[in-house]
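Peer 1: coords please:
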Amino acid sequence: MKSIKLIFMILIISISFFQFNGCTVVGLFTGLYSDASQVDEFNQATFEIHNFDPGTSMDVFLTNGDTISGEFLRLDSVSADEYAARYENYRQSVLSEVTLPQLYDSIAINQNNIHDKIFLGFDYGYMKVKMKKYNTYAKINLKNINHICDSENNCIESEKLRKIIAKGDIPLLSDLVLQRENTEVKIPTEDLVQGKLTDKHYGWLYGLSAGIVVDAFIVIFVLIPSIDLSGMGGWGQ
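Peer 2: Take a look at the predicted model:
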């Protein structure tokens with residue numbers, strides 16, 4: 001009977017304490033916010049901001065209608081010859097709409113009219129170039145590019161370039177690699193329509209559990225020892 005009374009007392013104290021402290025509530029809502037902020041879907045244009053961890057489960061939907069389910073492994077660099085063929089095929093297919101720079105052509109970026117860079121291709125969120133002066137390679141964030149002009153002064157504005165990349169059919173320097181069962185599956189970026197994460201989010205549970213532990217610790221080791229049980233009509237007897 002005494003143990004039941006003690007449990008009841010702890011419950012009452014806990015409820016009262018939670019109203020003032022609220023670690024459980026804070027933990028729960030922090031976890032819910034974390035779950036809500038996690039991106040569940042992606043495409044070629046947005047992939048670079050997600051930074052998926054190896055082992056993340058996902059379904060990938062392809063342009064031919066197939067769906068590949070597996071775990072994210074990495075992004076693999078496409079060989080120079082393969083990328084050159086894929087990029088040039090695409091460049092020719094959109095030539096009536098826009099003139100994209102040819103691979104290995106000299107280009108000028110933004111307000112600089114000096115063609116001091118060699119174009120090496122596009123990748124997730126950036127453009128790869130070779131700096132002529134220093135003979136070094138660099139990655140230029142697409143957000144920092146206003147326009148690109150090739151050696152014949154054919155220029156493309158950044159807004160139009162981003163729209164082209166956002167369509168998701170331009171070949172990129174990296175392919176998506178998934179693990180399906182015991183097989184690695186390489187997916188060219190231009191074949192990717194959309195991806196969807198299939199991992200369940202448990203942030204709400206982790207936050208709730210952490211909050212309960214903190215509140216319970218404070219109640220058991222701080223609040224209860226401060227209560228004089230001898231004056232509770234036999235509760236402490």
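
Peer 1: so, low pLDDT: which residues of this structure?
Peer 2: 1-39, 43-50, 111, 199-237 (pLDDT under 70).

Peer 1: can I see the domain layout of it?
Peer 2: 2-38+201-231, 40-76+176-199, 79-172 (automatic domain parsing).

Peer 1: quick check, Leu62 in contact with Asp191.
Peer 2: Yes. Assessed by Cβ atoms under 8 Å, Leu62 is found in contact with Asp191 at 5.0 Å. Using the backbone N, CA and C atoms, a C-beta is placed for each residue, glycine as well.

Peer 1: need the phi and psi values for Leu161.
Peer 2: phi -60, psi -40 (degrees, to the nearest 10).

Peer 1: contacting residues for it?
Peer 2: By Cβ atoms under 8 Å, 6 or more residues apart in numbering, the contact set of Leu161 is Leu142, Ile145, Ile148.

Peer 1: got a list of what the second one touches?
Peer 2: Okay, so that is Ile145. Ile109, Asn110, Met127, Ser158, Leu161.

Peer 1: now with 10 Å?
Peer 2: Ile109, Asn110, Tyr126, Met127, Ile156, Glu157, Ser158, Leu161, Arg162 (Cβ atoms under 10 Å, 6 or more residues apart in numbering).

Peer 1: swap in Ile148?
Peer 2: 100-101, 107-110, 117, 119, 127, 129, 140, 154-158, 161.

Peer 1: please redo it, this time with the cut-off set to 7 Å
Peer 2: Neighbouring residues of Ile148 by Cβ atoms under 7 Å, 6 or more residues apart in numbering: Pro101, Ile107, Ile109, Cys155, Ile156.

Peer 1: cool, Gln179 as well?
Peer 2: Gln179 neighbours (Cβ under 7 Å, 6+ apart): Gly70, Glu71, Leu73.
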